[in-house]
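S.K.: Generate a structure from the sequence data that follows.
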Amino acid sequence: MSRKNLVDGSLAYKERKFSEAEELFRKAAARDPEGTTMEGRTAQIFLARTLHSRYIGDRQRTELAEEAIQAYKRALTVDKNDQSSYKAVASLLDNLQRTDEWQQWVLERSNRADIEPQNRAEALTSLASRKNTCANEVTDTEKTKKTVKKDGKDVFQWVKPENPADLEQLRGCVTDGLKLIDQAVALEPPAVTNAPSLNVKSLTDAQLKENLDLFKVFESARSYKASLDAQAMRLADMEGRTADRDALKAQADAGRAKFLELSKVDKDIQDEMDARRAAEEEAANANANANSTKK
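M.R.: Numbering: from 1, shown residues only. Sure thing, here's the model as predicted:
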């Protein structure tokens, strides 16, 4: 009966009959509230997604968002590495502008030693990205970012903001951001480090997806590492620490090169996945045409 509810609920969901889908998923979930069976776990996740979709359709219905959050959290008690449910909760908290709860939710995720390292890294990168934004709010303004001539070329020079509180904000965001992103980058496994030598054509479809999911996490981490090093360089320029500025610029440039290197691998994997999908569709169409001709 639970499987039938799941099948019927999935069809209703695809047809955007969310109320009907919700009722069916609730019935399936109620038969196994602890998620001890595959059907029970699946029902819990499908229920959460349906409630989430209903909220997206009517953002005044915040009670739907709250119920979706609780449903996703129940799903996570069964599978702690369920990134989809974790990110859905983070997205809903962010959408509801419950910033402190978002911060706590992501911070707790980043500190969990019992989950996959890449899942911790993704949480740490999310936290670091906000610190990068916070720093950029100070450094990327007309009053702090000046264009000057150096060796006959236009280059940027960063000057201190007029408000001392802004400078303190920048220092705090850079310090906190670098600490977080360094933790994320430190979790990078050998598979990511060795990614440029990967022969994507030799991988199965499942291996392509698995690698892409893993590499994307650290592509983002590398990107924010380079960006936060650049923010630190800007701060050093403001404070007249010339040697630090130059060293940090070189570090940021090297970090950006590492990010681009991994980004290219990700593109190669995605291109291979797209090419295989297109070949499968072409073969299927050729088959259908051949069968049609025989008839």
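S.K.: how far out from the middle of the chain is the helix or strand encompassing Asp244?
M.R.: Secondary structure assigned from DSSP states H and E places Asp244 in helix 242-294. Centroid separation for helix 242-294 versus its chain: 17 Å, with C-alpha atoms, centre = their mean, to the nearest Å.
S.K.: Look at Gln104 and say how many residues are nearby.
M.R.: 12 (other C-beta atoms under 10 Å). For glycine as for every other residue, the C-beta is placed from the backbone atoms N, C-alpha and C.
S.K.: Break down the stretch 51-200 of the chain into its helices, ranges please.
M.R.: 62-78, 83-95, 99-110, 117-139, 164-186, 190-193 (DSSP state H, counting those that start in this stretch).
S.K.: Name the residues that touch the shortest one?
M.R.: By C-beta atoms under 8 Å, 6 or more residues apart in numbering, the surrounding residues in contact with helix 190-193 are 211, 214-215, 218, 262.
S.K.: on that earlier part again, just name the most buried of the helices of the stretch 51-200 of the chain.
M.R.: helix 117-139 (a mean of 21; mean count of other C-beta atoms under 10 Å).
S.K.: rewinding a little: going by neighbour count, which of the contacts of helix 190-193 comes out on top?
M.R.: Phe218 (28 neighbours).
S.K.: Just give the nearest non-adjacent residue to that one, would you?
M.R.: Spatial nearest neighbour of Phe218, excluding adjacent residues (C-beta to C-beta, 6 or more residues apart in numbering): Val192 at 4.7 Å.
S.K.: Phe215 versus that neighbour, what's the distance?
M.R.: 6 Å (C-beta to C-beta, to the nearest Å).
S.K.: swap in Ala43?
M.R.: Counting by C-beta to C-beta, the gap from Ala43 to Phe215 is 32 Å.
S.K.: Repeat that for Leu248.
M.R.: Applying C-beta to C-beta to Leu248 and Phe215 gives a distance of 26 Å.
S.K.: so how far is the first residue of stretch 193-200 from its last?
M.R.: Using C-alpha to C-alpha, to the nearest Å, the end-to-end distance of stretch 193-200 comes out at 15 Å.
S.K.: pLDDT on that stretch, on average?
M.R.: Averaged over stretch 193-200, pLDDT sits at 96.
S.K.: joint contacts of Val192 and Phe215?
M.R.: With C-beta under 8 Å, 6+ apart, Val192 and Phe215 have common neighbours Leu262.
S.K.: which ones are touching Glu272?
M.R.: Counted by C-beta under 8 Å, 6+ apart, Glu272 has contacts 200-201, 203, 208.
S.K.: Got the confidence number for it?
M.R.: So Glu272 comes in at 97 (pLDDT).
S.K.: Likewise for the one 3 residues further on?
M.R.: Ala275 is assigned a pLDDT of 97 by the prediction.
S.K.: swap in Ala29?
M.R.: In this prediction, Ala29 has a pLDDT value of 88.
S.K.: Name the SS class of the residue lying closest to it once chain neighbours are set aside, please.
M.R.: The shortest distance from Ala29 to any non-neighbouring residue, by C-beta to C-beta, 6+ apart, is to Ala43 (4.0 Å). Three-state assignment for Ala43 (DSSP: H, G, I helix; E, B strand; the rest coil): helix.
S.K.: Hmm, Leu6 and Ala43 touching each other?
M.R.: Yes - counting by C-beta atoms under 8 Å, Leu6 is a contact partner of Ala43 at 6.2 Å.
S.K.: Domain ranges for the protein, per the record?
M.R.: Taking automatic domain parsing as the reference, the chain has its domains at 1-115, 117-295.
S.K.: Tell me the buried residues in the helix or strand harbouring Leu208?
M.R.: Using DSSP H and E, Leu208 sits in helix 205-238. Within helix 205-238, the residues that count as buried by 16 or more other C-beta atoms under 10 Å are 208, 211-212, 214-238.
S.K.: Helix 242-294 and that helix, what's the angle between them?
M.R.: Between the axes of helix 205-238 and helix 242-294, defined by axes from the mean of the first three to the mean of the last three C-alpha atoms, to 10 degrees, the angle is 150 degrees.
S.K.: Which strands and helices lie in contact with helix 205-238?
M.R.: Where contact means 3 or more C-beta pairs under 8 Å, 6 or more residues apart in numbering; DSSP states H and E, helix 205-238 is packed against helix 117-139, strand 153-158, helix 164-186, helix 190-193, helix 242-294.
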